[in-house]
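Asker: structure for this input, please:
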Amino acid sequence: MNAPPPVRPVIQMDAAQRGRGPYIWRFRGFHRFTHLMAILTFYTLALTGIPLRFTCAPWSDFLVHMFGGVERAGLIHRGAAVVTIAYTSAHLGYLAWRVIRAPRKRDYFWGGDSLIPQPRDVLDFLRQWRWFFGRGPRPRFLRYSYLEKLDYWGEAWGFFVIGGSGLLLWFPEFFAHRLPGWAFNVATIFHSYEALIAICFLFTVHFFNVHLRPDKFPMDAVMFTGRATLDYMEEEHPDMVADWEAGKKVRDAEAPAPGRIATIVAAVFGYMALGVGIAIIGMIAWALTC
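Answerer: Predicted coordinates:
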């Protein structure tokens, strides 16, 4: 009697679903909602803004007409900016609410669960470069690695620089009574170049680190589904899991495995976002040849 063929292991395309369970809640609904809003508004701002930055590019007219002309594209751009201000304000309110209710308020400003940059992040950066060249072990991150903090604070910096300069350009009559004329020239430069830096960083460094590096390829949907396996958490944030196992901290709540529909929706949306982001980088590279 012939032996049955060996069962091949299922390789999850979502890196956050690989390995053994149980699933752990990494991000709750509010975080995923604000992240979704950030994606939608950032892409809208990028696609309606870069035609002004690269007017000589062959694709510039196409993008402007796709949004209904210059005036309508400007309205859409400013509408996306309003939504950005709204969800950022909601995020700040949420943080304030969590700090007020937290039994240990210090944890939000210092320690392993904080997003505030700390001396350990500098050491982890140096350790990772040593690991890249085989000179040391891989750094053991806590809840947030230095790269995740870089993403977070980079977006915060961009919001205030791009948003502040954008408000000056949006309401020149109001600010002209309070600021010198050169401030508008500075705002124009800051708005254009900071936006370009943000686009290039997110669609190259962020994309590679979160989705395209070998151990996460083709994508990591943890921010879309909000949950990840314990194996994933041990690999990405080993010192946080070590604190759980040592009883120093309460483990994050268990979560049900993502359903088939949620996985498919996250994959389709994630691949579309990846594709559009990479296309925008290609368009910018094309425009630099003008």
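Asker: which other residues reach stretch 213-223?
Answerer: Contact with stretch 213-223 is made by 13-17, 26-27, 31-32, 35, 210-212, 228, 232, 235, 258, 263, 266-267, 270-271, 274, as judged by C-beta atoms under 8 Å, 6 or more residues apart in numbering. For glycine as for every other residue, the C-beta is placed from the backbone atoms N, C-alpha and C.
Asker: ok, of these, which come out buried?
Answerer: By neighbour count, with 16 or more other C-beta atoms under 10 Å, the contacts of stretch 213-223 hold 14-17, 26-27, 32, 210-212, 228, 232, 235, 258, 263, 266-267, 270, 274 as buried.
Asker: in this protein, which spans are helices?
Answerer: In the chain, the helices defined using DSSP state H lie at 29-53, 60-66, 70-101, 119-132, 146-170, 172-176, 182-201, 207, 222-225, 230-236, 238-245, 260-287.
Asker: got the buried residues for the third one?
Answerer: Neighbour-count burial for helix 70-101 flags 73-74, 76-77, 80-81, 84, 87-88, 91 (criterion: 16+ other C-beta under 10 Å).
Asker: contacting residues for Leu168?
Answerer: 175, 179, 183-184, 187.
Asker: distance of Phe203 from Gly68?
Answerer: 25 Å (C-beta to C-beta, to the nearest Å).
Asker: separate out the buried members of the contacts of Leu168.
Answerer: Neighbour-count burial (16+ other C-beta under 10 Å) applied to the contacts of Leu168 gives 184, 187.
Asker: now distance to Asp113 and pLDDT too, for the contacts of Leu168, in TSV please.
Answerer: Below are the contacts of Leu168 laid out as TSV (distance: C-beta to C-beta, whole Å; pLDDT from 0 to 100):
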residue	distance to Asp113	pLDDT
Phe175	40	91
Leu179	40	89
Ala183	40	92
Phe184	42	93
Ala187	37	94
